[in-house]
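Undergrad: Next input, structure requested:
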Amino acid sequence: MALKFGGALFVVVAMSIFAIAMANKDWSTVAGNWNPWNHTRGDVWSYPHKNCSERSNRIVVGGSENWRYGFNYTDWAIKNGPFYLNDTLVFKYAPPNKTTFPHSVYLLPDFWSFQYCDLKRARKIGEVTSGGGQGFEFVLKRWQPYYFACGEHKGVHCKDGLMKFAIWPLIRWFN
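TA: Numbering: from 1, shown residues only. The predicted model follows:
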């Protein structure tokens, strides 16, 4: 019973992440003004796509806000998705000093750890000094959910400061 529930929960979470990623697409531009009888554009199967690129994208987490306490990164991930395999996430944050709080980046192992900001089994991928300057990069190499969080102050930044987000990179199906 628990195994069936766990499998069903995984499918629901996976499909939810996929649905959120696909909801942000501008589907009106996927086929453009496609007309199968108009061959003046060259290749009949070519079409414009707003995220179309042959190489991966480099995305600064949080955009101009960078990685900081109090910014809603789950909302940012929803608005800036979808993310694709081999995209690079760049985490930028100020190194600790007298006026800033230290930040780090953890990769959480599963949805439950993400939901409750449980860092016990998390892997630290960004030290408190790693985000200065150009920041540090994390490449989305596998088709799997990724759960990121700030682990400073025993997870308070994750729990209270909204410093967490989840993404599931999609496979690039266009060239």
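
Undergrad: For Trp76, grab the count of nearby residues.
TA: Trp76 sits with 16 neighbouring residues when counted by other Cβ atoms under 10 Å. Using the backbone N, CA and C atoms, a C-beta is placed for each residue, glycine as well.

Undergrad: go on, Asn80?
TA: 17.

Undergrad: just Tyr146 next, same as before
TA: By the measure other Cβ under 10 Å, the count of residues near Tyr146 is 19.

Undergrad: isn't it right up against Val139?
TA: No: assessed by Cβ atoms under 8 Å, Tyr146 is found out of contact with Val139, at 10.6 Å.

Undergrad: Give me the below-cutoff pLDDT ranges for the chain.
TA: For the chain, the stretches with pLDDT under 70 are 1-6, 8, 11-54, 174-175.

Undergrad: Show me where this protein has its helices.
TA: 2-23, 73-80, 111-116, 152-159 (DSSP state H).

Undergrad: in stretch 112-127, what counts as buried?
TA: Buried residues in stretch 112-127, counted by 16 or more other Cβ atoms under 10 Å: 113-114, 117-119, 122, 126.

Undergrad: Can you name the residues that contact the closest residue to Gly151 other than its chain neighbours?
TA: Excluding the flanking residues, the one nearest Gly151 by Cβ to Cβ, 6 or more residues apart in numbering is Tyr106, at 4.2 Å. Taking Cβ atoms under 8 Å, 6 or more residues apart in numbering, we find Tyr106 in contact with 119, 122-126, 148-151.

Undergrad: Now render those residues as CSV, adding distance to Trp76.
TA: Output for the contacts of Tyr106, formatted as CSV (distance: Cβ to Cβ, whole Å):
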residue, distance to Trp76
Leu119, 21
Ala122, 20
Arg123, 22
Lys124, 21
Ile125, 18
Gly126, 17
Phe148, 11
Ala149, 14
Cys150, 14
Gly151, 19
